[in-house]
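Trainee: next one to model:
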Amino acid sequence: MKYRHLISPETQVYQLPEPFALESGEVLMGVEVAYRCWGTLNEQGDNAVHICHALTGSADADEWWGPLFGEGRTFDGDRDFIVCSNVLGSCYGTTGPISINPATGKPYGRAFPAITVRDMVRLQWRLLQGLGVRKLKFVIGGSLGGMQVLEWGKLYPDYVDRIVSIAAAGRHSPWCIAMSEAQRQAIFADPNWCNGHYEEDTPPTTGLAAARMMAMISYRATVSFEQRFGREVQEDGEFAIASYLRYQGQKLVKRFDANTYVALTEAMDRHDVSGGEGDYRAALGAIAQPTLVVAIDSDLLYPPRDQQELAQWMPNAELEWLSSPHGHDAFLINMVALNELVMAFLYP
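Mentor: Numbering: from 1, shown residues only. I've put the predicted structure just below:
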């Protein structure tokens, strides 16, 4: 697989033994799920924890959430059996646009079926069943991961004891959809896009880099950029913030696929815990597990009102604040403080 070299050697792949039906009605054959485990599953199969990653994340949670791992922390391998799986539609080992379509013998590309956050969670449940997990102590995730957490709470109330949703909403707002669409249009405008069908050696890197630059702006906050960059000008005459954004764009194109980016952002835009058919407030009211909702006070992408809404309408939810100048990405920056919030909820 193209991005295999970016995946930890400890990453394993689970082959789904049966076809996987999507919410759209389409069926995927030969689905694979990349996952990592830490700790040991007990004989009862009930000491498991599941981590849900964000948009461009992978199953290697100890690399991007390291300060939450260790003795006496949220993810303690001596206490729990911890699982993190790469989401459906991603490019780090789980079936997605870069996977080979069994019907054609070629990568799916843009022809990969439309997926939803609920599809991602249903596939995670299949994986955990295959691993022998009979009960989850809690499910946790931020951003897209937080959306998955809410679906876990709704779909499997008797399987999950507690949930922790961080910097997420129960449905994508018009603001988020607009941001996603602008990023996708940057990809579509790339000369190498060709309607999603491109050669491996000529991917739409310019478009994907521009999309990532837009995303990075929404992931941070005004104060964060002012504190770190201000109006600093480099020796080459360019603003430091401009150089930083270009660096982030180029960094992503080396590790991520444009079709994958499109597929996952579209899935996020479809996200709505009510399924888009029922009453949103009632859908949240049906998520009854003890829930920790974490809001970031400087989040521009999923502003605090989104989390306040979750905490208000979910019957057993409590709201905690992660105070940071860094915006949405604070859950990947202020990790020591985040660990303290989660531990206080799980082990008061």
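
Trainee: so who does Thr206 touch?
Mentor: Residues near Thr206 by Cβ atoms under 8 Å, 6 or more residues apart in numbering: 190-192. C-beta: built from backbone N, CA, C; applies to glycine.

Trainee: switch the cut-off to 10 Å
Mentor: Shown in contact with Thr206 (Cβ atoms under 10 Å, 6 or more residues apart in numbering): 186-187, 189-193, 249-250, 253.

Trainee: now do Val293
Mentor: Here Val293 is in contact with 146, 149-150, 163-168, 306-312, 314, 317-320, 345 (Cβ under 10 Å, 6+ apart).

Trainee: buried only: go through these for me.
Mentor: Among the contacts of Val293, those buried by neighbour count (16 or more other Cβ atoms under 10 Å) are 146, 149-150, 163-168, 306-307, 309-311, 314, 317, 319-320, 345.

Trainee: can you report phi and psi for the most centrally placed residue in the chain?
Mentor: Nearest to the mean C-alpha position of the chain, by Cα atoms, centre = their mean, lies Ala54 at 2.0 Å. Phi and psi for Ala54, reported as degrees, to the nearest 10, are phi -90, psi -170.

Trainee: that one is in contact with Leu332, isn't it?
Mentor: Yes: the pair Ala54 and Leu332 qualifies as a contact (Cβ atoms under 10 Å) at a distance of 7.8 Å.

Trainee: what do those two both touch?
Mentor: With Cβ under 10 Å, 6+ apart, Ala54 and Leu332 have common neighbours 64, 142-143, 166-167, 219.

Trainee: pLDDT, distance to Asp78 and secondary structure added to those, as TSV?
Mentor: Output for the shared contacts of Ala54 and Leu332, formatted as TSV (pLDDT from 0 to 100; distance: Cβ to Cβ, whole Å; DSSP: H, G, I helix; E, B strand; the rest coil):
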residue	pLDDT	distance to Asp78	secondary structure
Trp64	98	22	helix
Gly142	98	24	strand
Ser143	98	28	coil
Ile166	98	24	strand
Ala167	98	28	coil
Tyr219	98	33	helix
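
Trainee: any chance of those in JSON lines, plus distance to Tyr156?
Mentor: Converted to JSON lines, the shared contacts of Ala54 and Leu332 look like this (distance: Cβ to Cβ, whole Å):
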{"residue": "Trp64", "distance to Tyr156": "25"}
{"residue": "Gly142", "distance to Tyr156": "20"}
{"residue": "Ser143", "distance to Tyr156": "21"}
{"residue": "Ile166", "distance to Tyr156": "19"}
{"residue": "Ala167", "distance to Tyr156": "22"}
{"residue": "Tyr219", "distance to Tyr156": "29"}
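
Trainee: circling back: show the pLDDT at the residue nearest to the centre of the chain.
Mentor: Looking at Ala54, its pLDDT stands at 98.

Trainee: quick check: closest non-adjacent residue to it.
Mentor: Among residues not flanking Ala54 along the chain, Ser143 sits closest, at 4.1 Å (Cβ to Cβ, 6 or more residues apart in numbering).

Trainee: then Lys2?
Mentor: Nearest to Lys2 is Ile98, by Cβ to Cβ, 6+ apart, at 5.8 Å.

Trainee: which residues touch that neighbour?
Mentor: Neighbours of Ile98 in contact, by Cβ under 10 Å, 6+ apart: 1-3, 90-92, 107-109, 112, 200, 257, 259-260.

Trainee: now, which of those residues lie within strands?
Mentor: Among the contacts of Ile98, the members falling in strands (DSSP state E) are Pro107.

Trainee: which one of the contacts of Ile98 is nearest to Cys84?
Mentor: Tyr92 (10.9 Å; Cβ to Cβ).
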